[in-house]
Every structure is written in C-alpha cells, then in structure tokens.
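Coordinates for the following, if possible.
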Amino acid sequence: MAKQAGGAQAAALGAQAPPLGAMERPAGLFVGLTTLDTIYRVRHPPGPDEKIVADDLVVAAGGPATGAAVAFAHLGGRATLVSAVGSGPLAAAARADLASLGIRHHDLRPGEPVLPISAILVNAAGERAVVSAHGALPVAAPVTADAARTLLAGADVVLVDGHQPDAAVSILAARRLLPTMSTATPEPAAPRASTRPPGTAPPAETATTAETATPAGTATSAGWPPVVFDGGSWKPGTERLLPHVDVALCGSAFRPPGVGADDPDGVLGYLLAHGCSFAAVTRGPGPIRWAHGQVRGEVRPPAVQAVDTLGAGDVFHGAFAWSIAGLPRLTTDALVEALAAASRVAARSVTSFGTRSWLTRGAARAE
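Numbering: from 1, shown residues only. As a prediction, the model looks like this:
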C-alpha cells in the first residue's frame, strides 16, 4: 500500500489535484453501479403531452461507484471500477468515457446487454428529476477468490455503493485474507492543514489531534485497505456489507431497518452497532453529522451557488476515498479532516452543469 503524508494529501484536496509525478499515486477499488446518464438542462420539466427542447445535454457514465471513481482519478489516483457494463453500443459509449478518464474497468457481466440508462432533467434552479432503469439490473455472481485478490492487489482504499452486493462481499471477504502487517510500526502522521474556516474554533467534540486521537478502525494497522461504504439508500444486501465496512458515508435518504425518517443520530447509531468504526450522514448543503464511538461532531460544507447537484454525493465519496488512501492511521481527526476536504471538492462540482464540466474548470477547489 502506498504511504503518503496525510497533511499534504488533504491540502491537495483543498487546493488542486497534485501533478501525477509529484507523489506516489494512491490506488482505489470501486465496486457497484455503472449507468449511462443522459443529462438534459431544461428551463422546466415538460408537462403532459408537452415537448420541449433542452438548452444543453451531457452523456456520460454515471452511478455512485462510477462517479466516485471519476473524482478519485481526477484528483490523481489510479481508479479501478468493478461494475456491470456488458455489450452493445451504449455499453461501448460508457466504456469509452471511463477509458478517457483513465479508469480501469472490470466488467461483471461481459457480453450481456445489461447497462442501465438514466434520463435526468435539471432545471434552472439546479433541481433534478431522474428516471433510471437500474432497479432491474441483473445481479452479478460473486467474484472468484483469484479475481478478488488480483483486484485488491495494491489497492489503498476500497469503496462499495451497495449495488452488486454478491460481488462486493466476495471482494471484501478476500480483503480479510490478505497478509497482515500487524507487527509493523505505524508511521507517524504528518501535521494536517486545518479544514475549518479561518477565525473559527473547533467544536468541543472534535477538539483532538491526529497524533493522539483514537484510531477509527484497524484496517490500515493490519495492512488492509480501508473500506468506505457509500450509502445512498438501504438496498437488499446492505446488511451483508456493513460488517466489512470501516467508514460509512450515508445520505439523508439512507434508512436502515427500525430507524425513522429524519433521524441522523439513529442512522449513525445503527451503523456503529453493525460493524462500522466511523460513520457520517450528509444532508445536501447542510452540516455533515459524524460519529465514532461516543464522540459526535459536525462538519459544515462551504456555501456555493449550486447550478446542478447531480453526482455531488459521488464526487464527495470519491474525494473522501482519495484523501484517506494510504494513510498509516485512520484517526478520528484524519477522517474529520477528510470529510471537510471532500466537501470542498463536492461543492466545486455543483457550480457547473452536468457531471463532467467541473473536471475541466481548473483546480478541484470550492472558491
């Protein structure tokens, strides 16, 4: 696993993606959903029997794990995506898009016409309406042990989005069979640049240092790549993933069994009780609530004028994965810093239309 200075990496997230030769590039493995998104910019959604002309159109590969892999690669990482793309001209378009971004792809359903298509309308206020066929996505078989070991080789972080749970569980189970380095001496954490706004004091519950904070998981100390879970919603098979997860990052729509609506503390408690060491719940532009053990806190994303929020959560997860990839210790402080750094990148991504424009608009930083 590549070992990198956490402070330098977090600072790079807050400023811009580092030159590819500037440091050893982290490697990320992303397991989940790929779709082909057709994204239309419209002044208003059409009414019954109404035809409208879009002001703009973007066609790109989408899906939670896919969007995270795109952000990870853009920030300078080496991303491998495990998903079902299959065959046919639309699959070829999705595959070409991934290749153009430097993302390596492992197809779970080669030769089959399985790629889901999403139609997305974004209005002038940045609000979106989405129609997708991924609910009918055929579930792929578990990945073989040899294939799982090959995919995991050299990975610094693994992200799963809850789709393709059989394949994900087989890969995560193989991770725990990797040789451990539990006798190795942990590398000292480099000083981290603060992610809090200038002139503000840290909340009492987050007033710790990276050197003294309790590690939020044992993955890196054992030499295993940490596992990040992107919880957009509760899906069949989610309960099988959680025991393998180190860090769970969930949206406001994520609703575990027995947890009511609008109960982020209930969600955090559920995740910690079911195997996760660190958990956070995002709420759009609102504060990100996080928890580790009995410690709770919030991270406030930067305020920006949103043009299109499509894919912002995927960018957030990919940037978070890049920020923690290869860290010698996953301390609470390091993970909270990663939340703040990732929120800056996600904020940058919503200031332009579509899921690709932000990649070419200069530094990956919220202005």
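
Based on its surroundings, how many neighbours for the nearest residue to Val350 once chain neighbours are set aside?
What sits nearest to Val350 in space, not counting adjacent residues and going by Cβ to Cβ, 6 or more residues apart in numbering, is Ala306, at 4.4 Å. Where C-beta positions appear, they are placed from N, C-alpha and C, glycine not excepted. Using other Cβ atoms under 10 Å, Ala306 has 17 other residues around it.

surely Ala306 meets Arg348?
No - with contacts defined as Cβ atoms under 8 Å, Ala306 does not count as touching Arg348, sitting 11.0 Å away.

Pull up the per-residue confidence for Ala261.
Note for Ala261: predicted pLDDT of 85.

Kindly apply the preceding question to Gly14 instead.
Looking at Gly14, its pLDDT reads 41.

Distance-wise, check Leu310 relative to Pro225.
29 Å (Cβ to Cβ, to the nearest Å).

oh sorry, the question was meant for Ala140
With Cβ to Cβ as the criterion, Ala140 and Pro225 are 21 Å apart.

between these two, which one's more packed in?
Pro225 (26 against 21).

tally of neighbours for the residue lying closest to the more buried one once chain neighbours are set aside?
Among residues not flanking Pro225 along the chain, Ala155 sits closest, at 4.5 Å (Cβ to Cβ, 6+ apart). The burial count assigned to Ala155 is 24, neighbours taken as other Cβ under 10 Å.

for this protein, which spans come out with low pLDDT?
Along the chain, segments meeting pLDDT under 70 span 1-23, 134-138, 180-222, 361-367.

Check which element follows the host helix or strand of Val130 along the chain.
Per DSSP states H and E, Val130 falls inside strand 128-132. Per DSSP H and E, the first helix or strand lying C-terminal to strand 128-132 is helix 145-152.

buried residues in that next one?
Using 16 or more other Cβ atoms under 10 Å as the test for burial, helix 145-152 gives 147-148, 151-152.

now stretch 158-177: how far from the chain's centre is it?
In terms of Cα atoms, centre = their mean, to the nearest Å, the centre of stretch 158-177 is found 15 Å from the chain centre.

measure it end to end?
15 Å (Cα to Cα, to the nearest Å).

in it, what's buried?
By 16+ other Cβ under 10 Å, the buried positions in stretch 158-177 come out as 158-165, 167-175.

and if you look at stretch 85-97?
For stretch 85-97, burial by neighbour count (16+ other Cβ under 10 Å) applies to 85-87, 90-91, 93-95, 97.

Just give me the residue closest to the centre of the chain.
The centre of the chain sits closest to His317, judged by Cα atoms, centre = their mean, with a distance of 2.2 Å.

residues contacting that one?
By Cβ atoms under 8 Å, 6 or more residues apart in numbering, the contact list for His317 reads 64, 67-68, 71, 159, 161, 228, 230, 249, 342.

Kindly recompute the last result at 7 Å.
Shown in contact with His317 (Cβ atoms under 7 Å, 6 or more residues apart in numbering): 68, 159, 228, 230, 249.

So in that sheet, which strands flank the helix or strand hosting the second one, and in what orientation?
Put plainly, it is Leu159. Assessed by DSSP H and E, Leu159 sits inside strand 157-160. Sheet partners assigned to strand 157-160 using DSSP bridges are listed as strand 27-31 (parallel), strand 227-231 (parallel).

Quick one: residues in contact with the first one.
Okay, so that is strand 27-31. Strand 27-31 is touched from outside by 2, 65, 68-69, 72, 77-82, 151-152, 154-160, 164, 167-168, 171, 321-322, 325, with contacts defined as Cβ under 7 Å, 6+ apart.

any idea of the angle that strand forms with helix 145-152?
Counting by axes from the mean of the first three to the mean of the last three Cα atoms, to 10 degrees, strand 27-31 lies at 130 degrees to helix 145-152.

Relative to the very next helix or strand once past strand 27-31, what are the paired strands and their orientations?
Next in sequence after strand 27-31, counting helices and strands by DSSP H and E, comes strand 35-41. Applying DSSP bridges, strand 35-41 is found paired with strand 56-62 (antiparallel), strand 117-122 (parallel).
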